[in-house]
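Trainee: Make a model of this:
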Amino acid sequence: MIRDAQFMTSAFKMNQKIRWDKSSVPSDRFYDDFDLKLKFLSRDTANDRNNLYYYSLEADSPHYIEMDIYSARVKPPVEEGEDFSKKIKNYLQKINKLRSQQYPLNDMIASVGHGYNSNAINSITSDIVSLRSQFPSLFKPGGSIKFLNFRNDTFMKFNLLRELKREGLDFAFMTGHGTATLQLINGYPLASNPQPSMENVARYLRSKIRDAKESGRDIEKVKNDFKNSLGVSDKWMNDAFDKSKIEEDSIFNDNLDIQISDIKDGQIKAKFVYINSCLTGSFHLKNYLAGYYPFSDNQNITAVANSVGVLQDIWSTELLGLLQHGVRIGNWLKHIAYLETHIFGDPTFHFRSNRSNSINNAISTKANVNYWKNLLNENDADLQSLALIYLIKFLPEREVSIILKKIYFNSPYESTRMEAFSLLRKFENDDYFSVLHAAKNDPYEFIRRIVTYDLGEFGGDNFAKDFISMYISDPHSDRINYKLRSIMNFYNPKALKEEIDAQIRSNKTIINSDNLVKQLFKNIEYNDTKVDRMDSIIRNSKLPEKERLSEITTLRLYRYHKLVPTVLEVISDTSEPEAIRIAALEAMGWFSLSYQRQNILHTCNQLLNDRLTPESVKYQALKTKMRLKTG
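Mentor: Below is the predicted model:
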């Protein structure tokens with residue numbers, strides 16, 4: 001259970017004052033990344049959690065993941081009365097039998113659950129387009145790839161389960177929200193007709209009235225609140241406690257999502273399952289859904305899942321095409337893992353390919369530069385991407401940077417362009433910025449989406465032009481539009497307004513451009529006022545420490561670059577409480593690409609070189625410095 005390393009997850013950010021088993025990250029990087037320096041803190045003292053051991057990432061540790069080996073969990077979930085050891089024995093006997101055969105990757109399914117990535121059509125089709133270039137053989141006669149979407153059916157889980165149980169299925173790639181015990185597939189039906197819309201409202205109200213009773217709230221007050229807010233009458237809620245309606249709603253809700261009971265001993269045929277969801281791989285719990293794929297009566301050999309919440313905008317298809325070439329699941333994971341990403345079952349499993357030995361050996365033994373240069377010439381998206389990952393380890397920045405830029409501007413493969421873009425970010429040189437400015441118009445929606453992240457992380461005035469350009473050109477991409485709206489207040493209001501005037505006010509292609517300008521200006525001014533209020537709270541040493549800490553820790557999620565100078569003043573003020581200075585330093589560690597980064601590093605160095613700096617503050621200053629140097 002790893003603490004003080006949330007930045008090495010894809011998204012997990014929780015106040016570490018919350019109970020440790022909830023605010024720590026269950027992670028096997030403890031075993032497979034040898035360079036991480038982890039300090040033992042304690043063992044959990046609760047009787048039902050005394051198998052949990054807590055470690056803190058040291059300040060002088062590498063602050064990035066680079067797995068030396070791959071690892072996996074053979075930890076079956078157990079319910080009361082079940083024999084843990086027998087489950088392990090059953091799994092080992094099963095894979096001994098299954099591994100006596102070989103399985104080419106000829107048959108795949110890819111599913112998407114509701115609410116994921118804002119239900120954005122362009123995000124979903126973006127993955128489909130990329131998978132076509134990553135798995136070209138699956139799109140030809142003799143191959144098979146099926147795409148399942150929550151929109152296809154009110155209870156899509158039954159279609160998905162039918163596919164998972166289908167003979168011949170090799171690989172199931174499932175994306176959606178999740179919990180430790182659920183794969184969330186459907187929400188209430190998307191309806192435009194009156195009758196199903198009314199049914200949705202009634203079902204929602206009944207659930208809220210039942211919740212009110214369970215939590216001991218005044219039911220009549222809750223009803224009246226809904227009558228006032230939604231304009232409904234009592235008849236919408238009067239049957240909330242009707243036995244037949246309770247049963248009907250319960251069955252309806254169970255049918256929306258995949259439950260443990262659907263997977264346990266479910267005769268799942270997919271040999272490899274990748275669950276791109278939050279929490280389904282919570283192996284620190286006795287019962288967790290992902291474990292039932294390999295560790296029950298299924299033909300699944302290996303599953304990959306996450307132990308905590310995971311970023312929705314994660315690059316979930318990264319290097320997936322390697323699997324068709326026989327790359328072991330473990331060797332694939334070595335290149336894409338976050339702190340929370342885990343293998344359950346056999347990490348050595350791979351699909352049949354005559355290239356399997358050569359590529360796995362190259363990964364394991366770090367083949368020479370000529371091998372990777374030759375691989376880069378292969379007409380294959382993810383073999384090229386893998387070659388790029390290793391070429392940056394062998395070649396000097398000047399040489400490999402030119403290669404990455406050339407690949408980005410010339411490759412027809414979406415995933416290879418994304419890999420080149422991602423790797424160039426490590427250098428932050430002219431080649432990277434050239435690609436960043438161009439990538440806002442990339443035909444691959446995921447690249448454009450990641451550009452919005454980088455624009456928010458940098459935040460300098462020189463990116464305001466790109467920001468407004470994307471805002472104008474990509475309103476049909478819901479997820480991109482959502483991200484642009486969320487990072488608008490990271491920018492200098494003056495720079496944004498100038499670009500709005502230049503790109504929107506006189507743009508004849510934009511309907512009602514004046515109204516749009518007024519609305520954007522209003523949003524910018526509102527957000528600027530909010531940030532100024534944060535500034536005054538952070539500065540005010542007379543306010544309660546809790547109130548100031550709340551604003552400071554907000555910067556872990558929101559890159560208000562304008563506030564960096566204020567936070568650095570607080571950090572440098574020796575009269576400030578250590579708790580404030582430490583929290584502020586930790587928050588600055590999240591500004592790893594900010595145009596203010598050098599100022600943050602300067603402050604860290606001053607603290608580290610000052611013999612009067614308290615040791616606890618020095619420790620966090622070193623940690624923040626290491627994070628900023630990593631990028």
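Trainee: Please verify my assumption that Arg556 contacts Met588.
Mentor: No. Arg556 is beyond contact range of Met588, at 9.7 Å (criterion: CB atoms under 8 Å). (Glycine included, C-beta is placed from N, CA and C.)
Trainee: Which neighbours do these two have in common?
Mentor: Residues touching both Arg556 and Met588 (CB atoms under 8 Å, 6 or more residues apart in numbering): there are none.
Trainee: so where's this structure shaky on pLDDT?
Mentor: In the prediction, the chain carries residues with pLDDT under 70 at positions 631.
Trainee: care to break it down by domain?
Mentor: The chain is divided into the following domains under automatic domain parsing: 2-57, 84-186+257-345, 194-254, 366-439, 458-538, 540-630.
Trainee: Buried residues, stretch 172-191. List them.
Mentor: For stretch 172-191, a neighbour-count test (16 or more other CB atoms under 10 Å) marks 172-178, 180-186, 188-189 as buried.
Trainee: do the same with stretch 91-111
Mentor: For stretch 91-111, a neighbour-count test (16+ other CB under 10 Å) marks Tyr91, Lys94, Ile95, Tyr103, Leu105, Asn106, Asp107, Met108, Ile109, Ala110, Ser111 as buried.
Trainee: Looking at those residues, spot the one nearest Ile69.
Mentor: Distances from Ile69 to the buried residues of stretch 91-111, taken as CB to CB, are shortest for Ile95 (19.7 Å).
Trainee: could you pull out the helices for the stretch 51-200 of the chain?
Mentor: Remark: helices assigned in the stretch 51-200 of the chain by DSSP state H, counting those that start in this stretch are 84-98, 121-134, 156-164, 194-214.
Trainee: and the third one, C-alpha only, in PDB?
Mentor: So that's helix 156-164. Taking Å, rounded to 0.1, in the frame of the first residue of the first chain, the C-alpha atoms of helix 156-164 are listed here in PDB:
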ATOM      1  CA  MET A 156     -26.200  -4.400 -22.700                       C
ATOM      2  CA  LYS A 157     -24.600  -6.600 -20.100                       C
ATOM      3  CA  PHE A 158     -26.400  -9.600 -21.500                       C
ATOM      4  CA  ASN A 159     -24.900  -9.000 -25.000                       C
ATOM      5  CA  LEU A 160     -21.500  -8.500 -23.500                       C
ATOM      6  CA  LEU A 161     -21.700 -11.700 -21.400                       C
ATOM      7  CA  ARG A 162     -22.900 -13.600 -24.400                       C
ATOM      8  CA  GLU A 163     -19.700 -12.500 -26.200                       C
ATOM      9  CA  LEU A 164     -17.500 -13.200 -23.200                       C
END
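Trainee: Does anything pack onto that helix? Which helices or strands?
Mentor: When contacts are defined as 3 or more CB pairs under 8 Å, 6 or more residues apart in numbering; DSSP states H and E, helix 156-164 packs onto strand 107-112, strand 144-149, strand 171-175, strand 258-259.
Trainee: out of those, nearest to Phe40?
Mentor: Closest approach to Phe40 among the helices and strands packed on helix 156-164 is made by strand 171-175 (35.9 Å; CB to CB).
Trainee: Tell me how far that closest one lies from the chain's centre.
Mentor: 16 Å (CA atoms, centre = their mean, to the nearest Å).
Trainee: So which bits of the helix ranked longest in the chain are buried?
Mentor: Scanning the chain for the helix with the most residues, using DSSP state H, yields helix 513-539. Judged by neighbour count (16+ other CB under 10 Å), helix 513-539 contains these buried residues: Ser513, Leu516, Val517, Leu520, Ile524, Asn527, Asp528, Val531, Met534, Asp535, Ile538, Arg539.
Trainee: Check stretch 345-352 too.
Mentor: For stretch 345-352, a neighbour-count test (16+ other CB under 10 Å) marks Gly345, Asp346, Pro347, Thr348, Phe349, His350, Phe351 as buried.
Trainee: And the first one, how far from Asp239?
Mentor: From Gly345 over to Asp239 the distance is 46 Å, taken as CB to CB, to the nearest Å.
Trainee: What of the third one?
Mentor: With the distance defined as CB to CB, Pro347 ends up 52 Å from Asp239.
Trainee: Would you agree Gly326 is in contact with Phe351?
Mentor: Yes. Under the criterion of CB under 8 Å, Gly326 makes contact with Phe351 at 5.8 Å.
Trainee: circling back to that earlier point, nearest to Pro196, of the helices and strands packed on helix 156-164?
Mentor: strand 144-149 (18.2 Å).
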